[in-house]
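> Provided below are the primary sequence and the corresponding predicted coordinates.
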Amino acid sequence: MNVLTSIERVARRRADHVAIRCAGTTRTYGELLDSAARFAGFLQRQGLQPGDRVGLYLHNEPDWIPALLGIWKAGGVAVPFNYLFAPAALRHAATDSGTRWVLALAGDVPRLREALAGTALADAIIALTPADDAWASFTEAIAGDPLARTVPRLDGDDALLMYTSGSTGTPKGVRQTHRNTAAECEAVIDTWDIGPEDHALVCTPLFHVGGLQLISLPLLLAGGTVTLRRWKAAEYLDDVLTLRPTVLAIVPAMMIDIVNLLGDRGRDLDSVRVCMVGGSAMPEARLKQFTALTGIVPVNIYGQTEQSGLAITEPIHEERRYGSLGKPLEQIVQWRIVPVGSTTPLPPGADEPGELWVRGDAVTPGYWQLPEVNAKKFSDGWFRTTDLVREAPDGYLYYVERADDMIISGGENIYPQMVEGHLLACPLIAEVSVIGTPHERFSEQVTAIVVPAQAGVTAEDIAAYCESRPDLRGLQRPRRIEIVDSIPRTGTNKVDKPALKARFAK
């Protein structure tokens, strides 16, 4: 079933209620459906056939959601391009996907045309507002006649084609079917008991699952309200205080930004009943600070583009376990933990690290046009996540590390997340990332990239702190400490570890 039909059903009942707010623009459900239907009519008149791909080269903009729903109504597949892609990565994703049209801000049309020069797509850019060098405009497109009937799509048909960040190589297109998307959204609604009275403040980008399937689409399917914005910590905090949202989703770097912004001046953010934090390891020390300053007790979440978003979380009505991911959403995903190099899963509750394998309604059917990668990443229907986790005897899962981020020093496995957690307890450190760098004797050494909490902090000061902490001695001791002004982040505000590894490789 086309995902849009479920949103249409909700929208007909809540036609006069606010669906989306963004940059001073407000759209009711009725207006949202009308814009989507008119854009769908435009696309169909241009020759769109079911399964054709339409790109979205936008950050969080007012027209993002109406355009997406219009693509679905016409039977198309949406391709959300990472707005921060380098030109080469963008060009690859555009040509690899076979995208026929792409939406962009009028101001981005020149650089988009430059990145796509020589391709048919360079002459098929739809600017949100009229632009001389664009083929058409969204404003003009939604002035035409609407498409009356939503084009049917089967559960196995693709709804989205999302490209991975490409930070470690060429971006890969991850297929997400209508069943994947619907199952994911229903699971989120059920997990957090989301209803029409809920209001989500969304700063995570819509071109990733964290902004789209984790929070925006579930709120719309439940009849709630979505406020879109980009990440600026001070403005975001003001929005929480004035708009009083009930649902938030952020990444640990954003949580740390809020903690650093507040300092010792707490603010009671009592409207928030669900605050999801995920995308990378959630440091316990900063988590406790965040709760003390805001009154919010976040829930840890785990998911991937390949799992359409949320796959594991802490049950909201159970006592929290610091450091735990929680439990898998068993309604949409089956799981097992397999030791690295093996195909035999560990017994339940073994409390030993292994790679997480998953399958189920939320899991992608595969990568777009990459049979060799699919053969490597799938084993008898199980998707190999490359994430190392362990299951405690009580059934809770704990994240250990990305398999390719693990440091092997002196023949021992060292998990950067654990070292980062111990370092963040240091009052001299505002932010830290731990990577492996070459070492003559041990092959790799633990290297801490530190943003100090105050001026004048030196590597020697951090080393002295490490010497005073048993958990930061031995092979886990950072043998190399680099003081920096900031740590690079990706478009979703995750720490850009590939960039750090490249910078500090020598």
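Perfect, I can see it now.

> Show me where the stretch 151-300 of the chain has its strands.
158-163, 173-177, 199-202, 225-228, 247-250, 274-277, 299-304 (DSSP state E, counting those that start in this stretch).

> which one's the longest helix in this structure?
Looking across the chain with DSSP state H, the single longest helix is helix 29-45.

> In terms of secondary structure, what does it contact?
The contact analysis (3 or more CB pairs under 8 Å, 6 or more residues apart in numbering; DSSP states H and E) places helix 29-45 against helix 3-13, strand 18-22, helix 64-73, helix 138-141. C-beta here means a position set from N, CA and C on the backbone, and glycine is covered the same way.

> CSV please, covering the strands of the stretch 151-300 of the chain and showing mean neighbour count, mean pLDDT and distance to Ala285.
CSV is the format used below for the strands of the stretch 151-300 of the chain (neighbours: other CB atoms under 10 Å; pLDDT from 0 to 100; distance: least, CB to CB, whole Å):
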stretch, mean neighbour count, mean pLDDT, distance to Ala285
strand 158-163, 25, 98, 33
strand 173-177, 24, 98, 33
strand 199-202, 23, 98, 25
strand 225-228, 24, 98, 30
strand 247-250, 25, 96, 17
strand 274-277, 22, 94, 14
strand 299-304, 23, 92, 15
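
> can I get those in JSON lines with distance to Asp394?
Listed next are those as JSON lines, based on distance: least, CB to CB, whole Å:
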{"stretch": "strand 158-163", "distance to Asp394": "34"}
{"stretch": "strand 173-177", "distance to Asp394": "32"}
{"stretch": "strand 199-202", "distance to Asp394": "31"}
{"stretch": "strand 225-228", "distance to Asp394": "35"}
{"stretch": "strand 247-250", "distance to Asp394": "26"}
{"stretch": "strand 274-277", "distance to Asp394": "21"}
{"stretch": "strand 299-304", "distance to Asp394": "15"}
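
> Quick one: closest of the ones you listed to Glu372.
Of all those, strand 173-177 sits nearest to Glu372, with 14.1 Å by CB to CB.

> quick one: which helix or strand includes His422?
Element membership for His422 (DSSP states H and E) is helix 416-423.

> again, but for Gly395
Taking DSSP H and E as the definition, Gly395 sits outside all helices and strands.

> So the nearest residue to it once chain neighbours are set aside, which state does it fall into?
Among residues not flanking Gly395 along the chain, Lys327 sits closest, at 6.1 Å (CB to CB, 6 or more residues apart in numbering). Classification of Lys327 using DSSP: H, G, I helix; E, B strand; the rest coil returns strand.

> And the helices in the stretch 101-250 of the chain?
109-115, 138-141, 178-192, 217-221, 233-243 (DSSP state H, counting those that start in this stretch).

> Identify all contacting residues around the fourth one.
Residues from elsewhere that reach helix 217-221, judged by CB atoms under 8 Å, 6 or more residues apart in numbering: 3, 6-7, 10, 19, 65, 181, 185-186, 188-189, 194, 198-200, 225-226, 247.

> sorry, back to before: do I have it right that the residue nearest to Gly395 meets Ile312?
Yes: if you go by CB atoms under 8 Å, Lys327 and Ile312 touch, sitting 6.6 Å apart.

> Which residue ranges of the stretch 401-506 of the chain form helices?
Applying DSSP H, counting those that start in this stretch to the stretch 401-506 of the chain gives helices spanning 416-423, 459-467, 497-503.

> and these, which is most packed in?
helix 416-423 (a mean of 22; mean count of other CB atoms under 10 Å).
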